[in-house]
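Chemist: Sharing a model that was predicted from the sequence below.
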Amino acid sequence: MEKKKTVSLGMIVKNEERFLRKCLESVQDLVDEIIIVDTGSEDKTIEIAESFNAKIYHYKWDNNFANARNVYVENATKDWILVLDGDDIFEREDIEKFIEIVNTSEKDGHYFKTLSLINENDKKNFSYNLNLRLLRNNGKYKYNGAIHEQVISKEGVTDYSKFVNEDIRIYHLGYIQSVIDEKQKRQRNMTLINEELKKDPFNPFQNFNMAVEYYAMSDLENSLKHFNTAYNVMNPSEGYGNKLILRRIMLLFDMKKYEEAIKGIDEGISFFPDFTDLYFYKALTLAKQKKYTLAIKEYEKCISMGEAPIHLRFINGASTFRAYYELGNIYFKLKDYDEAINNFEKCLESNSENWGQYFNIAKCYDKSLGKEKTIDKLKSIFDLNDVNNMTLFIIIITELKYYEEALQYSLDQNQKVATDILIDVLSKILIYLNKPERAYYQLIRMPKESPYFNDSKAYIILIKIITNKLILDEDFEVINDENKKAAIKLIYDLCAGNKIEKEFDEPILKEIINLLQVLIRANEFELFEKAVESLNYINSKNCLLELAKLYERNGYTPMALEEIIRSLKEFDKLDEESIDILYFNI
């Protein structure tokens, strides 16, 4: 379709070299001029912008996003202004929709879907938002607000009937954790929001914004305080009203305030009866309360409703793969493996990118079909000519304890492409099959720059413990992860009968459990009994529960139950996973 109207791209940027080129490449053939308002970049942002013939305006940052945005509004010369940030990427599949709007729209503003990714390479795992992305350049509008700025009319009251929502996607990469950390976004945002709250402490929009920032920083109590302030004075019809209701419920859920969450959900449904995401969270909450029959009904309601209307939508897949995935988990817990398989397979049809679902459906196949048919089923799911698919397949059948089959596939693949992760998996399989010497010769191949290097060195020491080989000090010194080093050294000292003279903190618990798992899967029970004493030297009330989960994962449910009961008696400590073990086995 030919574009008949002209478009200016407007952006404010600062140090956006990481994604700016991708951003501009995604729209360079859709816009007729690029206006970049730079607020103090010190990297290659300007150089990249200039390579796209952008008009650069240098703006001295004054802690006000609206003021900076108004620079490109005032200098745009085309019919429309497309608004992007330097970490946005336009979805190229939506080009035709975009051109049709530009050519034919009689509205003044168009909101597009912003899909905030958690991982740059995973386009299925995101949250929705609606943001004004296309503004008619008629001189009637400006931005207002120091942060979370909004477009308003220069002529008085803004007529929002002239603005409309569109099913056009913009991927936003600014909330990937590494970007947040790099730019210190949270600190910047909170400083600006605090200034706004000084002017109006009960402003619902700014309290909502502050609550979101505290939530992202895991300061749940302060987040709830600001959410409640906003919730008590909000108007649900405001553009952010549905997000306030949902995100407050998500916080209550995370805080395990399940009854309050249910109350908030029911209130939210009274305002927004077609808001599928609320029903999804009701199902999640009921499942946490072990009300599985009611939870199943709510998930099924989500599926029958379909995705929420575009102006409400926040959680991707609330009516499809997420609902099917959670249903599969419930049916698996209830030992209805056929129904679990049915839901996991529907989940896979909707979203093939979530690794967790492959492990879960494999467990169901194993319980329902047995080894041979399970392997056949998994082979039909995975493209075994693809190295990543083959590696995942091998990891899964290893988790199912199909060690002989996993070994053969690993050896075959190892001859073709010997990746680091494959060496790691193959070495563990060989240890499980009581072939520690062969595992050793795999592990010494691990390159020092590999993320699996420290694990490989810890396993080498474990192999030397198993085979009664002399342990040298340098065996420990090559491990540059202090927690892994401490964990394997503690296990070695216990197995060697050396005196332990200090306690260790919580961070080494995970590493100890990982090493214990190798021993228990290798049926090295005598060494396991010695090594498990390492938990007595860790200053944590979680040790017994983590040991219980280790037993449960490996099929020793009676021992798992004993450790959970010990944890309850000695530390008054349970968690959700241990409660589930009790619930389904007593």
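Modeler: Nice, thanks for sending it over.

Chemist: worst-scoring helix or strand of the protein, pLDDT-wise?
Modeler: Lowest on mean pLDDT, DSSP states H and E among the helices and strands of the chain sits helix 177-183, with a mean of 60.

Chemist: Geometrically speaking, which residue is the centre of the protein?
Modeler: Residue closest to the average C-alpha location in the chain (Cα atoms, centre = their mean): I118, at 5.3 Å.

Chemist: What's the first helix or strand after the least confident helix or strand of the chain?
Modeler: Reading on from helix 177-183 to the C-terminus, the next helix or strand found by DSSP states H and E is helix 185-199.

Chemist: ok, then the element right after that following helix?
Modeler: The element immediately downstream of helix 185-199 (helix or strand, assigned by DSSP H and E) is helix 204-216.

Chemist: what angle separates the following helix or strand past that next one from helix 185-199?
Modeler: Beyond helix 204-216 in the direction of the C-terminus, DSSP H and E gives the next helix or strand as helix 220-233. Between helix 220-233 and helix 185-199, the angle comes out at 40 degrees (axes from the mean of the first three to the mean of the last three Cα atoms, to 10 degrees).

Chemist: neighbouring contacts of the helix or strand that helix 220-233 is followed by?
Modeler: Next in sequence after helix 220-233, counting helices and strands by DSSP H and E, comes helix 241-254. Counting contacts by Cβ atoms under 8 Å, 6 or more residues apart in numbering, the residues outside helix 241-254 that touch it are 129, 204, 208, 211-212, 215, 220, 223-224, 227-228, 230-231, 234-236, 258, 260-261, 264-265, 267-268, 271-272, 275, 277-278, 281, 284-285, 288, 311-312, 314. Any C-beta I mention is one placed from the backbone N, CA and C, and that applies to glycine too.

Chemist: what do you get for stretch 541-561?
Modeler: Stretch 541-561 has contacts (Cβ under 8 Å, 6+ apart) with 506, 509-510, 513, 516-517, 520-521, 532, 535-536, 562-564, 566-567, 570-571, 573-575, 577-578, 581-582, 585-586.

Chemist: Now do that stretch: distance to the chain's middle.
Modeler: Stretch 541-561 has its average C-alpha position 27 Å from the chain's average C-alpha position, going by Cα atoms, centre = their mean, to the nearest Å.

Chemist: ok, then the element right after the one helix or strand I564 maps to?
Modeler: Element membership for I564, per DSSP H and E: helix 557-571. Along the chain past helix 557-571, the next helix or strand (assigned with DSSP H and E) turns out to be helix 576-585.

Chemist: Return the alpha-carbon coordinates of that next one using CSV.
Modeler: Output of helix 576-585 as CSV, limited to C-alpha atoms (Å, rounded to 0.1, in the frame of the first residue of the first chain):
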residue,chain,number,x,y,z
GLU,A,576,4.2,-23.4,49.1
GLU,A,577,6.1,-26.3,47.5
SER,A,578,6.4,-28.2,50.7
ILE,A,579,2.8,-27.6,51.5
ASP,A,580,1.9,-29.1,48.1
ILE,A,581,4.0,-32.2,48.9
LEU,A,582,2.1,-32.7,52.2
TYR,A,583,-1.3,-31.9,50.6
PHE,A,584,-0.9,-34.5,47.8
ASN,A,585,0.8,-37.2,49.8
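
Chemist: Does anything pack onto that helix? Which helices or strands?
Modeler: In terms of contact count using 3 or more Cβ pairs under 8 Å, 6 or more residues apart in numbering; DSSP states H and E, helix 576-585 is assigned the packing partners helix 543-553, helix 557-571.

Chemist: What are the buried residues along it?
Modeler: Of the residues in helix 576-585, 578, 581 count as buried by neighbour count, 16 or more other Cβ atoms under 10 Å.

Chemist: would you list every one of the strands in this protein?
Modeler: Per DSSP state E, the chain carries strands over the ranges 7-13, 33-38, 55-58, 80-83, 88-90, 109-117, 126-136, 141-144, 150-153, 163-172.

Chemist: Export the ones you listed as TSV, with columns for distance to I375 and mean neighbour count.
Modeler: Formatted as TSV, the entries for the strands of the chain read as follows, by distance: least, Cβ to Cβ, whole Å; neighbours: other Cβ atoms under 10 Å:
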stretch	distance to I375	mean neighbour count
strand 7-13	52	24
strand 33-38	54	22
strand 55-58	59	15
strand 80-83	51	24
strand 88-90	39	24
strand 109-117	34	21
strand 126-136	34	20
strand 141-144	59	20
strand 150-153	56	16
strand 163-172	37	18
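
Chemist: need the ones you listed in JSON lines with mean pLDDT, can you?
Modeler: Below are the strands of the chain laid out as JSON lines (pLDDT from 0 to 100):
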{"stretch": "strand 7-13", "mean pLDDT": "97"}
{"stretch": "strand 33-38", "mean pLDDT": "97"}
{"stretch": "strand 55-58", "mean pLDDT": "97"}
{"stretch": "strand 80-83", "mean pLDDT": "98"}
{"stretch": "strand 88-90", "mean pLDDT": "96"}
{"stretch": "strand 109-117", "mean pLDDT": "92"}
{"stretch": "strand 126-136", "mean pLDDT": "90"}
{"stretch": "strand 141-144", "mean pLDDT": "94"}
{"stretch": "strand 150-153", "mean pLDDT": "92"}
{"stretch": "strand 163-172", "mean pLDDT": "93"}
